[in-house]
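Enquirer: just a sequence and a predicted model for now, questions to come.
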Amino acid sequence: MPASVTRATALAPGGVPGLGHAWMLRTDPIGLFASLRPYGDIVQIKIGPQRVYVITSTELTHELLVSKYRAFDKGVAVENFRDVFGFGLLSSEGELHRRHRLLLQPAFHPDRLADYLAIMRTQILYRIESWRDGQVLEARSEMSAITLAVVAKALISADVGDELAAEVQLRLPRLLDLSYRRAVGPLPVLNRFPLPRNREYAALVARLHPMIDEVIADYRRNDTRRPDLLSMMLDARDADGAMPDERIHDQIMTFLLAGSETTATALSWTFLRLSENPDVSARVSAEIDEVLGSAAGGPEYADLHRLGYTARVVDESLRHSPPIWLITRRAIENVELGGYLLPGGSSVMLSPYLTGHDPALITEPDRFDPDRWSRGDATRSLRQAAQPFGAGPRKCIGDSFATTETLAALATILSRWQLRQQPGTTVTPRAHQTYYPGGLRLVVTERARPD
């Protein structure tokens, strides 16, 4: 054992013979992870016969993601999704990931955000113009419809992508639910058997793949080139040549599924927090009215920089209720972290929810307080703790796109409507593939516009 390894990892209590902590991970994973802090910076849990190392320390989470990322791949959880995402940015490793990230990076340069904002406004306005005063929205479904429309048009601006977007919207919730069950099951070998849930999963995946292939073929066949991400990928070149169509396929699937669900979840949580905090909601509405006035078309790019308090609300929502609550890794060699040894081949779990609620770095972490983001030196510790998009070289490539979309959606929606949790309903936080407010229903009320 290396001399630098001085600390032993404890095994979390509460495991069930044969299942370990799998049932707790299935039913209350946030509660399970939060209960681990007293047992050390790295704590073992069991999922069936497998031991998994959970990192509870913000400092060690940052060390793994930033300075020691090369010692880890993304692990078995991502391998379980490879039949969905293939080798897109979410699931690729090593040189392939590095090469494709470099090819795609220009599409997410800050200079492109103004172009994307025009797409965002159009799709958001189209959706909310159908709302009616007093209407009750199922938050997850409605926000997903908005964010999927945005991502789909940014990816595939030609009409040929519309059928694909509609299919993803219909199938995505069930696909994500089945994906999570496959990832945390105590016996991964069961994913290979022709069980009903596996057949359903395979059918959902099989429906989407040929639709994506047809979109790419249509662009090729008609020599379609538009200011969208698909056209950019078709034209991208580096020293090794063009990106093959099968890899373009994987990127489209990744952006459609991951890029829409996470932002929809962020919006759902934010509207819930505004509903729970009327004083915060009033300040957001007042700022939006001041910046946008009577404009009916949503914010221009220059307006976003004037929505300072609303942006802090987005930051606080992402810290408090990060859609991506779980990140998985696997050590590809023996690794020392903070005096602990992670053996080569061991599975590791990290949680942006845990770091975002670190009491050592954040005062009253369970309290929703957007003003904490404007308190000078405190912001440095907040930025260290709040990692809703991960950190290091594998940080989400679309983080600026997602935060811009969330801010634009809030400004556009709240300039016309007020959304409040339906009285008498109960919201149940659910940590599955994403962390979302289950059962959230929002009542739409028309707002009077300023003169």
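Expert: On my side now, so go ahead.
Enquirer: and Ala114, how far is that from Ile288?
Expert: Here the criterion is CB to CB, to the nearest Å. By it, Ala114 lies 19 Å from Ile288. To be clear about C-beta, it is placed using only N, CA and C from the backbone, and glycine gets the same treatment.
Enquirer: nope, Arg181 is what I was after
Expert: Counting by CB to CB - Arg181 and Ile288 are separated by 40 Å.
Enquirer: list the contacts for Ala264?
Expert: Residues counted as contacts of Ala264 (CB atoms under 8 Å, 6 or more residues apart in numbering) are Arg140, Met143, Ser144, Ile146, Thr147, Leu148.
Enquirer: between the residues you listed, which sits nearest Met253?
Expert: For the contacts of Ala264, the closest approach to Met253 (CB to CB) belongs to Leu148, at 12.9 Å.
Enquirer: would you check that Arg181 makes contact with Arg197?
Expert: Yes: if you go by CB atoms under 8 Å, Arg181 and Arg197 touch, sitting 6.8 Å apart.
Enquirer: what packs against the helix or strand containing Ala202?
Expert: In this structure, Ala202 is located in helix 196-221 according to DSSP states H and E. Here helix 196-221 touches helix 82-85, helix 162-184, helix 229-235, helix 245-276, going by 3 or more CB pairs under 8 Å, 6 or more residues apart in numbering; DSSP states H and E.
Enquirer: show me the contacts for Pro423.
Expert: By CB under 8 Å, 6+ apart, the residues touching Pro423 are Val443.
Enquirer: let me know the secondary structure of it.
Expert: Following DSSP: H, G, I helix; E, B strand; the rest coil, Pro423 is assigned to coil.
Enquirer: over to it: give its phi and psi.
Expert: Here is the backbone geometry of Pro423 (degrees, to the nearest 10): phi -60, psi 140.
Enquirer: for Pro244, same thing?
Expert: Per-residue torsions, Pro244: phi -60, psi 150 (degrees, to the nearest 10).
Enquirer: what about the contacts of Ala264, which are in strands?
Expert: Nothing among the contacts of Ala264 maps onto strands, per DSSP state E.
Enquirer: out of those, the closest to Ser400 would be?
Expert: Distances from Ser400 to those, taken as CB to CB, are shortest for Thr147 (15.1 Å).
Enquirer: show the contacting residues for the closest one.
Expert: Gly259, Ser260, Glu261, Thr263, Ala264, Leu267, Glu405, Ala409.
Enquirer: I'd assumed Gly14 was in a strand, is it?
Expert: No: according to three-state DSSP, the state of Gly14 is coil, so it is not within a strand.
Enquirer: just checking, it touches His21?
Expert: Yes: shown here, Gly14 and His21 form a contact pair, counting by CB under 8 Å, at 6.6 Å.
Enquirer: out of those two, which sits in the more crowded spot?
Expert: Between Gly14 and His21, counting by other CB atoms under 10 Å, His21 is the more crowded of the two (25 against 12).
Enquirer: contacting residues around the more buried one?
Expert: Counted by CB under 8 Å, 6+ apart, His21 has contacts Ala12, Gly14, Gly15, Leu32, Ile45, Lys46, Ile47.
Enquirer: contacts for the helix or strand bottoming out on mean pLDDT in the chain, please.
Expert: One helix or strand of the chain scores below all others by mean pLDDT, DSSP states H and E: helix 75-80, with a mean of 74. Applying CB under 8 Å, 6+ apart, the contact partners of helix 75-80 are 85, 90-91, 179, 182-183, 188, 191, 328-330, 347-348.
Enquirer: now do 6 Å
Expert: With contacts defined as CB atoms under 6 Å, 6 or more residues apart in numbering, helix 75-80 is touched by Ser91, Arg182, Ala183, Thr328, Arg329, Arg330, Ser347.
Enquirer: which residue in those has the weakest pLDDT?
Expert: The member of the contacts of helix 75-80 with the lowest pLDDT is Ala183, at 70.
Enquirer: quick check: that residue vs Ala402, distance?
Expert: Ala183 sits 22 Å away from Ala402, going by CB to CB.
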